[in-house]
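# no FASTA, just this:
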């Protein structure tokens, strides 16, 4: 690794102060974006979605666990897969320990996947996670929030994803996050969803890599997360990338 440039301490400080002004502007813009996100209108949830959880059948309302706000991570784990998506695993690795803190701000965190509950919990145990994880099975939840696609949709060459039609997608499940609110009368509302690179903000490792000279170092890779593996597969010479 070679330096891009070398400077004296004084020259470095001048460059750093210039960058600091850009960082402050970015922070102010992010605060404004956050306020706009929180001001989005609420959409009533009209369906009675049912999930399989540790205690048996659970409704969407049950997933709130006494909170008024719910974050659902749409974890890619199709019914016929043997393990969860490596990129979703990378993301939830960072969110797992946040659940106890989110609860102090009236917010529950739940992952939802289509795979059978036993598969989900076996994989969660393997990864050493603690977050709540439920199965939507063959219910409509994943399809209604545009993170699962039928065979017909996949065969058509384009699906509805990230608020756009005709997006090329080759596998039946996609990543995303959706948020819900329960009002004082117990009515549920959908308030926000994000997909694709909109999920990067939940990955602390990327924030840390972004402050070192090499950064994410992904430009020469076939796709952005090609280097990522399940955490127990790093160093495994027999590993085959399922998305290569």
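Received it, and whenever you're ready, just let me know what you need. Everything numeric here is computed off the predicted structure, so don't read it as measured data.

# all strands for the protein, in order.
With DSSP state E as the criterion, the chain has strands at 43-44, 50-53, 56-59, 69-74, 107-113, 132-135, 159-161, 164-167, 176-182, 188-195.

# let's have the ones you listed in TSV, adding distance to residue 238.
From N, CA and C alone the C-beta is placed, and that goes for glycine too. As requested, the strands of the chain are exported to TSV (distance: least, CB to CB, whole Å):
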stretch	distance to residue 238
strand 43-44	46
strand 50-53	33
strand 56-59	38
strand 69-74	29
strand 107-113	26
strand 132-135	27
strand 159-161	32
strand 164-167	33
strand 176-182	31
strand 188-195	32
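
# any idea which of these gets closest to residue 17?
strand 188-195 (33.4 Å; CB to CB).

# follow-up on the earlier one: right, so the strands of the chain: which one is the most enclosed?
Ranked by mean neighbour count under mean count of other CB atoms under 10 Å, these are led by strand 107-113, which reaches a mean of 24.

# pairing partners for it, with directions?
Applying DSSP bridges, strand 107-113 is found paired with strand 69-74 (parallel), strand 132-135 (parallel).

# and of those strands, who's closest to residue 193?
Closest of the strands paired with strand 107-113 to residue 193 is strand 69-74, at 8.7 Å (criterion: CB to CB).

# avg pLDDT for that closest one?
For strand 69-74, the mean pLDDT works out to 98.

# neighbours of residue 15, just the number please.
12 (other CB atoms under 10 Å).

# cool, the one 4 residues further on as well?
By the criterion of other CB under 10 Å, residue 19 has 10 neighbours.

# for it, give its distance to residue 211.
Note on residue 19: its distance to residue 211, by CB to CB, to the nearest Å, is 11 Å.

# residue 34: which of the strands of the chain is closest?
Closest among these, once you apply CB to CB, is strand 188-195, at 11.1 Å.

# that closest one pairs with which strands, and in what direction?
strand 43-44 (antiparallel), strand 176-182 (antiparallel).

# for the ones you listed, which one sits closest to residue 81?
Here strand 176-182 is closest among these (CB to CB), at 17.0 Å.

# show me which helix runs longest in this structure.
What stands out as the longest helix in the chain, according to DSSP state H, is helix 9-38.

# rounded mean pLDDT for that helix, please.
97.

# the closest residue to residue 233 other than its chain neighbours - how many residues pack around it?
Nearest non-adjacent residue to residue 233, counting by CB to CB, 6 or more residues apart in numbering: residue 239, 5.1 Å away. Close neighbours of residue 239, defined as other CB under 10 Å, add up to 12.

# what do you get for residue 126?
13.

# distance of it relative to residue 75?
Per CB to CB, residue 126 is found 14 Å from residue 75.

# kindly report the same for residue 200.
16 Å.

# out of the two, which sits in the busier spot?
residue 75 (27 against 14).

# can you pull the contacts of that one?
Residues in contact with residue 75, defined by CB atoms under 8 Å, 6 or more residues apart in numbering, are 84-85, 88, 92, 111-113, 133, 175.

# show me the two of those residues that sit farthest apart.
The two members of the contacts of residue 75 with the most space between them (CB to CB) are 133 and 175, at 14.6 Å.

# show me what contacts the closest residue to residue 45 other than its chain neighbours?
Spatial nearest neighbour of residue 45, chain neighbours left out: residue 188 (4.1 Å); criterion: CB to CB, 6+ apart. Residues in contact with residue 188 (CB under 8 Å, 6+ apart) are 44-45, 60-61, 180-182.
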